[in-house]
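1. Got a predicted model here, sequence first, then my questions.
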Amino acid sequence: MYSTTIIRRTDTEWRKILSPDVFHVAREAGTEIPFSGMYAECHTEGVYVCACCGTHLFFSGDKFDSGTGWPSFSRPVWPDNIELHEDLSHGMMRTEVLCRRCKAHLGHVFDDGPLPGGMRYCMNSLSLSLIVCGTQSSDTNMAKSGHE
């Protein structure tokens, strides 16, 4: 059972703590231009967390070069840390990926990723922050990683 507290804030509250670019992508389901995000070509080891609430989302070891211009991962840190929703915007049928804790828009997931799982979690760099290996996160709630 998922035990991390859900974060509920108004748009006004989010605007006070997020940059306009992060707000647009994470709170308004925007997207960044391909190959423009700071993590698209990043090979630093660590854990990628939600830029809005710090929930642990993806390990760098599960990141791969999909050639799409967005950071792509083969699986989440813990399945309960994300939510999947049908997205019919822009005349396409896709599966949107949200942070379960704060409902931030992260990107989309596709079934054309590497084996064994075959999934490609195509994320926006603006929705993520990287905690580099050997550094400490300001929030140490391990429930975020599913390791309670």
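-> In hand now; what should we look at?

2. looking at this structure, which residue lies furthest from center?
-> Most distant residue from the mean C-alpha position of the chain: G91, 23.0 Å away (C-alpha atoms, centre = their mean).

3. Just read off the phi/psi values of that one.
-> phi 70, psi 20 (degrees, to the nearest 10).

4. mind listing the helices in the chain by residue range?
-> Remark: helices assigned in the chain by DSSP state H are 11-17, 20-22, 28.

5. Can you add distance to S125 and give those back as TSV?
-> Any C-beta I mention is one placed from the backbone N, CA and C, and that applies to glycine too. Shown next, in TSV, are those (distance: least, C-beta to C-beta, whole Å):
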stretch	distance to S125
helix 11-17	18
helix 20-22	10
helix 28	16
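
6. Check the ones you listed for me and report the most buried one.
-> helix 20-22 (a mean of 14; mean count of other C-beta atoms under 10 Å).

7. and it, average pLDDT?
-> For helix 20-22, mean pLDDT rounds to 97.

8. Stretch 92-106 too?
-> For stretch 92-106, the mean per-residue pLDDT is 95.

9. what do you get for stretch 79-88?
-> The average pLDDT within stretch 79-88 is 94.

10. And for that stretch, what's in contact with it?
-> 2, 55-57, 76, 93-101, 103, 106, 108-109, 144-146 (C-beta atoms under 8 Å, 6 or more residues apart in numbering).
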